[in-house]
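A.B. asks: From the sequence below, what's the structure:
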Amino acid sequence: MDSLLPKILEAYGQLTSNIDSWFEILPIIPATLNTEQESVEKTETSSLRDNNSFKFGKKKSAEIHREALFFENDADEKYHLTDESKHLYNDHNKMERRQISGPTLSTEELFSHISSTPNPDSHRSATVQGPTTTSTIDITFEANLHIKTLMEKSMHDTSSSATHAADAERILVHLEKYGKADTISYNGVINAYAKSRCQESAKKAEEILERMESIYRQQLQKIKLWSASSLPESTQNNETRHNLQLNVHNQPPPIITVKPNVRTYSTVIDAFSRRKPTRPHNGHGTEFALSSAKYAQALLDHLLSLYDATHDPCLKPNEISYNTVLNAWAKTGTIRGAQKATKMLKVMEDEGLADVISYNAVIHAWARCGIEEAAENAETILRRMEAQVTNAMEHNSKLSQQKHDRNFIRPNMRTYSSVIDAWSRSNHPSAAQRAQSILDEMETLYATTKDPSIQPNTISYSTVINAHARSRDMANKATSALKVLKKMQYLYKTGKNKEAKPTIITYNSVLNACATTYRSTYNSVYIEQQNIWEKNEIHHYQSVALGIAKQIYGELTSSTSKIRPDYYTYGTILKACANLMSPMDDDDATDFIRYIFEQCCLDGQVSFGVCFQLKKAAPIDLYRELIPKQAFNAENGHFRIQDMPKEWTRNVRERRRHNYR
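C.D. replies: Modelled structure (predicted):
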């Protein structure tokens, strides 16, 4: 024993040195955030150092296995298990893992055993009397199984409450009261709140994190005092001598049972990134998203500071930590969010942490920010990824050997589709052509490699159709959109691409391309300025577009169609009538408008948008005839959507709109 004491003291000397760093850095989650610029500067200048820290003791094999069990069905597992944990987790008896299907005690029995079991400093087991047998269980492990079950229920709960998360926290509070909570307990409850849809979930998750930090500091203090009490008397201060009087050094070494790790902080960051505003419209949604992103960024900065100060590998930010913050910035839909995400991507690239999720998040940020150069910036990131693939292949011709290399990051379907989306939102004169060329590139790559991760799907094709609908190519947008739809139908029906099944959104996008062919602004201004030949040409393209619109509507309403029109379909058809027809001079046009609206009423799809487009498309007499008297405002000729017959609006699921008075 005497020969081991110097080694123990040396180890605890390293430990207490690390502890001092923790005490200096822990209380830095501020009540009010630093300025946004300070937050970004911290992220950009923080350097991740080598893993040379002293670890707080070694977990027993059973404890590591127990922690691994809770990650078994977690999508984030590969990022959060240490190498040691992975080894034990993979090599452990698989049959034994399958036997642990859920809690063995009821909640009442669990609470009873928690309060009657000794403190975890001695042991955590409890004796359970069954109908025919008596067994011994780890009561903390049993409690964690309960928490895990509640976390899974919280994940699938679509209500705005956090009932399951609150139940999980009650178990945690009981564990805390009797000193039996561990890191897994806290992480499970934090995850339950993060996955819930409660407005206060992020705040609750952060409060539990702060409790973890407080308990960890207390446990570190106990270790520090125990370590100091074992030093020679000449080096002891008054506090140490007092501890000696309390016989501290004769007690067994204290242990760390609660310690926030990268999983803990990443989950709280995720909780903030998932927050949704109570009033998402009128600009409040953007403001709220920016606030959430700032909180997520502040927590990441806090984690970076902890790692920088302690060199603790359990606190080293990983892909999930960064990607969650990237996603929070991307969801703001602002230029600021896109710029922040781009800067963070550069930090991740420098640290070797960037993956395809990182690039996709930044591309999505540019796609949604709404500035003129957004699509160019999004495509630039795509080309940067492709260049990395090319460089990797030049260094290693065996693609399969590089497939899972971190430095070999290949664009996938989501990457290309996000860039297509960016072009579909652009006002660039050739935006539709750029979107179409990326789709063509996807098809060529898939045909060459047969890689399912880059196979175009419904979203890819539908987004290109939307790009054509928004295009300035007035003459060809309808036919170009129809061409993409026909290709989707062919690929799906022949089985060549079962991922390219058209949806109602696809058909509605084609209808919108038709409706916006030389739309009404051109009718009143542009067309009148053209000569007779040009006017005839414009009317020809409008006639073609109207024909395509009627063709699409006919397909949707045919007896063989498995897709039915929705309120957007009817509104867009009426929009096409308003822009492409002359109902004042054409009885057939008037009859068609009447027919469309009556079918819309029968389908229960009358919405605000449908009535708005009806008012633009129909002659005033027809409009007054079709709108019920109780919903018609005789003073100004407008409609009141809330006064429409309920059977007319029964299938509408659009966002609530103000009355059109």
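
A.B. asks: residues of the top helix by length along the chain that come out buried?
C.D. replies: The longest helix of the chain (DSSP state H) is helix 201-229. Judged by neighbour count using 16 or more other CB atoms under 10 Å, the buried positions of helix 201-229 are 201-202, 204-206, 208-209, 211-213, 215-216, 219-220, 222-229. Backbone N, C-alpha and C define where each C-beta goes, glycine included.

A.B. asks: So for stretch 262-274, mean pLDDT?
C.D. replies: Stretch 262-274 shows an average pLDDT of 94 in the prediction.

A.B. asks: So which other helices or strands are in contact with the host helix or strand of Y541?
C.D. replies: Assessed by DSSP states H and E, Y541 sits inside helix 532-557. Helix 532-557 sits against helix 477-493, helix 504-515, helix 567-580, helix 587-602, with contacts defined as 3 or more CB pairs under 8 Å, 6 or more residues apart in numbering; DSSP states H and E.

A.B. asks: Which of those helices sits closest to P456?
C.D. replies: helix 477-493 (8.8 Å; CB to CB).

A.B. asks: buried set for that closest one?
C.D. replies: Buried-residue list, helix 477-493, by 16+ other CB under 10 Å: K477, A478, T479, S480, A481, L482, V484, L485, K487, M488, L491, Y492.

A.B. asks: report the angle between the axes of that helix and helix 567-580?
C.D. replies: Helix 477-493 runs at 150 degrees relative to helix 567-580, counting by axes from the mean of the first three to the mean of the last three CA atoms, to 10 degrees.

A.B. asks: Relative to the whole chain's centre, how far out is stretch 209-229?
C.D. replies: 35 Å (CA atoms, centre = their mean, to the nearest Å).

A.B. asks: so what's K316 closest to, chain neighbours aside?
C.D. replies: Closest residue in space to K316, ignoring its immediate chain neighbours: Y307 at 5.2 Å, by CB to CB, 6 or more residues apart in numbering.

A.B. asks: close enough to count as contact, the one you found and S321?
C.D. replies: No: if you go by CB atoms under 8 Å, Y307 and S321 don't touch, sitting 10.0 Å apart.

A.B. asks: Report the contact partners of the most centrally placed residue in the chain.
C.D. replies: Centroid-nearest residue in the chain, with CA atoms, centre = their mean: N327, separated by 6.4 Å. Contact partners of N327, counting by CB atoms under 8 Å, 6 or more residues apart in numbering, are S273, A361.

A.B. asks: does it belong to a helix or a strand, and which?
C.D. replies: Counting by DSSP H and E, N327 is found in helix 319-330.

A.B. asks: Mean confidence (pLDDT) on that helix, please.
C.D. replies: 94.

A.B. asks: who's in contact with the helix or strand following it?
C.D. replies: Scanning forward in sequence from helix 319-330 by DSSP H and E, the next helix or strand is helix 335-351. By CB under 8 Å, 6+ apart, the residues outside helix 335-351 that reach it are 40, 43-44, 48, 289-290, 293, 297, 319, 322, 325-326, 329-331, 354, 358-359, 361-362, 365-366, 368-371, 374, 377, 381.

A.B. asks: hmm, try it at 6 Å
C.D. replies: Around helix 335-351, the neighbours that count as contacts under CB atoms under 6 Å, 6 or more residues apart in numbering are L48, Y322, L326, W329, A330, A354, S358, V362, A365, W366, C369, I371.

A.B. asks: quick one, what contacts the second one?
C.D. replies: If you count contacts by CB under 6 Å, 6+ apart, Y322 has them with M348, L353.

A.B. asks: and if we set it to 7 Å?
C.D. replies: Contact partners of Y322, counting by CB atoms under 7 Å, 6 or more residues apart in numbering, are M344, M348, L353, S358.

A.B. asks: My guess is G102 contacts L145. True?
C.D. replies: Yes: assessed by CB atoms under 7 Å, G102 is found in contact with L145 at 6.2 Å.

A.B. asks: where's stretch 614-625 relative to the chain centroid, distance-wise?
C.D. replies: Here the centre of stretch 614-625 is set off from its chain's centre by 44 Å, with CA atoms, centre = their mean.

A.B. asks: What of stretch 343-361?
C.D. replies: On the basis of CA atoms, centre = their mean, stretch 343-361 sits 16 Å off its chain's mean C-alpha point.

A.B. asks: Figure out the length between the terminal residues of it.
C.D. replies: 12 Å (CA to CA, to the nearest Å).

A.B. asks: May I see the buried residues of that stretch?
C.D. replies: 344-345, 347-349, 351, 353-355, 357-361.

A.B. asks: In TSV, list those residues along with pLDDT and distance to H540.
C.D. replies: Supplementary listing: the buried residues of stretch 343-361 in TSV, determined by pLDDT from 0 to 100; distance: CB to CB, whole Å:
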residue	pLDDT	distance to H540
M344	95	51
L345	94	48
V347	93	55
M348	93	53
E349	90	52
E351	90	59
L353	91	56
A354	91	51
D355	92	51
I357	94	48
S358	95	49
Y359	95	44
N360	95	42
A361	95	45
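
A.B. asks: which two in the residues you listed are spaced the farthest apart?
C.D. replies: The span of those, defined through CB to CB, is set by E351 and N360 at 18.3 Å.

A.B. asks: secondary structure element for T463?
C.D. replies: Counting by DSSP H and E, T463 is part of helix 458-469.

A.B. asks: Cheers, nothing more for now.
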